[in-house]
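Visitor: model the following, please.
(one chain, ligands or ions: 1)
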Amino acid sequence: MIRAYIALGSNLEAPAQQLQQALSALDELADTRLVACSSFYRSPPMAGMDQPDYLNAVAAIDTSLAPLALLDALQGIEQQQGRERHTRWGARTLDLDMVLYGDQAIEHERLTVPHYGMAERAFVLIPLFELAPQLTLPDGRQLATLLAQCPPQTLFIR
Ligand SMILES: CC1(C)Nc2nc(N)[nH]c(=O)c2N=C1O
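Guide: Numbering: from 1, shown residues only. Have a look, this model is predicted:
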């Protein structure tokens, strides 16, 4: 089994329920087990868009699904929970992003792992640090270092 970390985000239609429902769906995926989930964190939309605050978390899963199969499964859960991809940065009922997949660096047209924006996203780094403070990225960087260098963002533990 591979340890993967999934970033969850929602800012529409009862975000706390969206995240809880997504955690259950992750645990029910074939060949996958939900190992842990961070606290839920509320924060204003990054880049100050005119949207409701987000609720974010990071989940740790163990899976034997291959990366693209896991990606398909994550997109399936988003769709089950009403995710319409209107605009790239628009508000959404649920976002599931594969942040890390074991110690693999993946460059595929559908999938980049580690997640391309994680170093600038406190709403990913802080929940991830809660779960795995000693984590080292595939390129050798320490998660603690990324967190120290990340642009500050106001997060509230919900
Ligand atoms: C629109 C954008 C970049 N901003 C966000 N901002 C916050 N706080 N949380 C998110 O999950 C999030 N997701 C996004 O996709």
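Visitor: so which residues on this structure come close to the ligand?
Guide: 9, 43, 45-46, 54, 56, 89, 95, 123 (CB under 6 Å from any ligand atom). Any C-beta I mention is one placed from the backbone N, CA and C, and that applies to glycine too.
Visitor: distance from stretch 40-54 to the middle of the chain?
Guide: Remark: stretch 40-54 is offset 15 Å from the chain centroid, using CA atoms, centre = their mean, to the nearest Å.
Visitor: separation between the most centrally placed residue in the chain and Asp50?
Guide: Most central in the chain under CA atoms, centre = their mean is Ala7, positioned 0.7 Å from the mean C-alpha point. To Asp50, Ala7 is 22 Å away according to CB to CB, to the nearest Å.
Visitor: please apply the same query to Ala36.
Guide: 34 Å.
Visitor: residues contacting Pro133?
Guide: By CB atoms under 8 Å, 6 or more residues apart in numbering, Pro133 lies in contact with 143-144.
Visitor: dihedrals phi and psi, it?
Guide: phi -60, psi -20 (degrees, to the nearest 10).
Visitor: picking that back up, with neighbour numbers in mind, choose between Ala36 and Asp50.
Guide: Shown here are Ala36 and Asp50; by other CB atoms under 10 Å, Ala36 has more neighbours (12 against 6).
Visitor: so that one, which of the three states?
Guide: Secondary structure, DSSP: H, G, I helix; E, B strand; the rest coil: Ala36 is strand.
Visitor: for it, which residues count as its bridge partners?
Guide: Ala60 (DSSP bridges).
Visitor: and it, what's its pLDDT?
Guide: With respect to pLDDT, Ala36 scores 98.
Visitor: do the same with the one 5 residues further on
Guide: We note a pLDDT of 97 for Tyr41 in this prediction.
Visitor: if I pick it, what's in contact with it?
Guide: Listed by CB under 8 Å, 6+ apart, the contact set of Tyr41 reads 55-57, 123, 126-127, 155-158.
Visitor: run the last query once more with 7 Å
Guide: 56-57, 123, 126-127, 155-158 (CB atoms under 7 Å, 6 or more residues apart in numbering).
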